[in-house]
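Enquirer: Quick one: sequence plus predicted model below, questions after.
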Amino acid sequence: MSGASRALFVHAHPDDESLWTGGTIASLARGGAEVSLVTCTWVRGTTRHGELVDAARELELARDPIMLGYADSFVPDSAPGASSFILAPFDEQVAALVAHIRVLKPQVLVTYDAFGMYGHPDHIHANRLTAAAADAAAVGAYHSDLGDPWQVSSLYFVTIPESIVTAIKPHLATASHLPYTGTPDAQVDLWVDVGACVGCKIRAITSHRTEIARSASMQDFGALPPGPQRLFLRSEAYQRRDLVPGGVDLI
Ligand SMILES: [Zn+2]
């Protein structure tokens, strides 16, 4: 194995893990890595949680998704009675994620870029939370009750390259997922060709049955012509930030 042997993905909503990083997760898992997922919103007992568990099985995750239990900013019913993900106390959230990092000891953390890929406030918040928790997890004095300090080696931020946006945007009816031009290709550090895992990536995406039925963007992606759809599904792109000299390759 040349890449990470333990990786933790932090996503805001059920479906993002499959749509944006599903091929990377499946490739890592097939290569023998221990891959875990934290999903920040939605709770057990909801339909979306059940679909997420199905997707996680398709991607061969090491364990069921860890639910932080916050509400989707736009869907209060995703976690009845719980705080909205972007409004809950930030240090409470950092501590919750630090506890998981110190147990799972991932070499790499994966989340969205600082613009949340396309500006979604929950995605932007997940980026900030993940970066803060990576730093805090390594500091022994920070919540020593949450376990021994753990130093994550590298952060990877999934992003949508400009060339992909350019290729698919003309074919999208609503373009609601892509309101901007994408990250300049020169600022992308890692392109993962997930062609070998695209079958299970598609099965994972389609596990999110109610979201496909509800979301115009998901239907748009599903209706892309074969060429642009292949391009969209076969590559996953990341920016990399090493937290220790040399870092650790994702894959
Ligand atoms: Zn999302």
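Expert: Noted; the coordinates are in hand.
Enquirer: In the longest helix along the chain, which residues are buried?
Expert: The residue-count maximum for a helix in the chain (DSSP state H) belongs to helix 121-137. Within helix 121-137, the residues that count as buried by 16 or more other CB atoms under 10 Å are 122-137. All C-beta spots, glycine's among them, are computed from the backbone N, C-alpha and C.
Enquirer: show me where the stretch 101-250 of the chain has helices.
Expert: All helices of the stretch 101-250 of the chain, identified by DSSP state H, counting those that start in this stretch, fall at 116-119, 121-137, 162-168, 198-206, 209-214, 216-222, 226-234.
Enquirer: Show me which residues of the shortest one are buried.
Expert: By that I understand helix 116-119. Of all the residues in helix 116-119, those buried under the rule 16+ other CB under 10 Å are 116-118.
Enquirer: now, which of the residues you listed sits nearest residue 146?
Expert: Nearest to residue 146 among those: residue 116, at 26.5 Å, using CB to CB.
Enquirer: Skip the chain neighbours and tell me the closest residue to that closest one.
Expert: residue 123 (2.8 Å; CB to CB, 6 or more residues apart in numbering).
Enquirer: Now do the same contact list for that neighbour.
Expert: Applying CB atoms under 8 Å, 6 or more residues apart in numbering, we find residue 123 in contact with 12, 16, 112, 116-117.
Enquirer: I'd like those residues laid out as JSON lines, including pLDDT.
Expert: JSON lines is the format used below for the contacts of residue 123 (pLDDT from 0 to 100):
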{"residue": "12", "pLDDT": "98"}
{"residue": "16", "pLDDT": "97"}
{"residue": "112", "pLDDT": "98"}
{"residue": "116", "pLDDT": "96"}
{"residue": "117", "pLDDT": "94"}
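Enquirer: Against residue 94, how distant is the closest residue to the ion within the chain?
Expert: Relative to the ion, the nearest point of the chain is residue 13 (3.6 Å; CB to the ion). Taking CB to CB, to the nearest Å as the measure, residue 13 falls 19 Å from residue 94.
Enquirer: So for these two, which sits in the more crowded spot?
Expert: residue 13 (25 against 22; other CB atoms under 10 Å).
Enquirer: Can you pull out the low-pLDDT segments for the stretch 151-251 of the chain?
Expert: Residue ranges of the stretch 151-251 of the chain with pLDDT under 70: 175-177, 179.
Enquirer: returning to that earlier point: next one: the longest helix of the chain, is it in contact with the ion?
Expert: No - if you take CB under 5 Å from the ion as the test, helix 121-137 misses the ion, and the best it gets is 5.6 Å.
Enquirer: What of stretch 46-59?
Expert: No - judged by CB under 5 Å from the ion, stretch 46-59 makes no contact with the ion; its nearest approach is 11.2 Å.
Enquirer: returning to that earlier point: give me the phi and psi for the residue of the chain closest to the ion.
Expert: With angles defined as degrees, to the nearest 10, residue 13 sits at phi -130, psi 150.
Enquirer: Might you report the residue contacts of the residue lying closest to residue 143 once chain neighbours are set aside?
Expert: Spatially, and ignoring its direct neighbours in sequence, residue 143 is nearest to residue 95 (5.4 Å; CB to CB, 6+ apart). By CB under 8 Å, 6+ apart, residue 95 lies in contact with 136, 143, 146.
Enquirer: Give me the buried positions along whichever strand or helix holds residue 95.
Expert: Take DSSP states H and E as the rule and residue 95 turns out to sit in helix 90-104. Using 16+ other CB under 10 Å as the test for burial, helix 90-104 gives 93-102, 104.
Enquirer: same check, this time on stretch 16-35
Expert: Neighbour-count burial for stretch 16-35, counted by 16+ other CB under 10 Å, picks out 16-29, 33-35.
Enquirer: Just the ones of those residues in strands?
Expert: Members of the buried residues of stretch 16-35 lying in strands (criterion: DSSP state E): 34-35.
Enquirer: ok, and which of the buried residues of stretch 16-35 reach the ion?
Expert: Among the buried residues of stretch 16-35, the ones lying close to the ion by the criterion of CB under 5 Å from the ion are residue 16.
Enquirer: Right, I'll leave it there.
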